[in-house]
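Peer 1: Here is a sequence together with a model predicted from it:
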Amino acid sequence: MLEALEQAVAQARAMPMSSSVLVNRAEVMDLLAQAHAVLPTQLTEADEVLAGADQVLTEARAEAEGIVTAARRRAEELVSTEQVVAAAEVRAREIVAEAESTAASMRREADDYCDRRLADFEIDLGKVVTQVQAGRAKLAGRLTEDRPRHSPS
């Protein structure tokens, strides 16, 4: 309708020396009447479209809020899981450090025990060596006593 009105004015005959034009009154009035007749229907349809758009917008906002809420919940779960994993890793490192410390302590204690046993064995061996040397010395003394003495002839 508006295009028809625009076309009627655009094709109207111009008045000399003026920006005014001559339009067919009946044609323009008919177009305006048609516009008035159609306008309430179109406004009603526009209102319905807007109401539908508002409904769609409301539903979209509700859905978006649901998605955001779910995303936040999932993010909290992931953060919580990540914190549990991080805490477990820290505890695992602590356990490994404790085990290594305990193992080093046990190695030192085992080495110390072995050293004490070897020292005791060394002392015992020293006594045995002393006894063996004393026994050999005694035998050597007897052997020299038991040898016939040669007299010079």
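Peer 2: It's in.
Peer 1: Helices of this protein, start to end?
Peer 2: Remark: helices assigned in the chain by DSSP state H are 2-10, 25-146.
Peer 1: where among those is the average confidence lowest?
Peer 2: Across these, helix 2-10 has the smallest mean pLDDT, namely a mean of 83.
Peer 1: Give me the helices and strands touching that one, please.
Peer 2: helix 25-146 (3 or more CB pairs under 8 Å, 6 or more residues apart in numbering; DSSP states H and E). Bear in mind the C-beta positions are built from the backbone N, C-alpha and C, glycine included.
Peer 1: orientation of the helix it packs on relative to helix 2-10 in degrees?
Peer 2: 130 degrees (axes from the mean of the first three to the mean of the last three CA atoms, to 10 degrees).
Peer 1: Distance to Ser19 added to the helices of the chain, as a markdown table?
Peer 2: Shown next, in a markdown table, are the helices of the chain (distance: least, CB to CB, whole Å):
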| stretch | distance to Ser19 |
| --- | --- |
| helix 2-10 | 12 |
| helix 25-146 | 17 |
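Peer 1: right, and those - which one's nearest Met17?
Peer 2: Of all the helices of the chain, helix 2-10 sits nearest to Met17, with 18.8 Å by CB to CB.
Peer 1: And the closest one, what's buried?
Peer 2: Leu5, Ala8 (16 or more other CB atoms under 10 Å).
Peer 1: who's in contact with it?
Peer 2: By CB atoms under 8 Å, 6 or more residues apart in numbering, the surrounding residues in contact with helix 2-10 are Val21, Val23, Asn24, Glu27, Val28, Leu31, Leu32, Ala35.
Peer 1: Any idea how many residues pack against the last one?
Peer 2: Using other CB atoms under 10 Å, Ala35 has 14 neighbouring residues.
Peer 1: again with the fifth one
Peer 2: When neighbours are defined as other CB under 10 Å, Val28 has 15 of them.
Peer 1: got the contact list for it?
Peer 2: Taking CB under 8 Å, 6+ apart as the test, what Val28 contacts is Leu5, Ala8, Val9.
Peer 1: which among these gets closest to Thr102?
Peer 2: Out of those, the member with the shortest distance to Thr102 (by CB to CB) is Leu5, at 97.6 Å.
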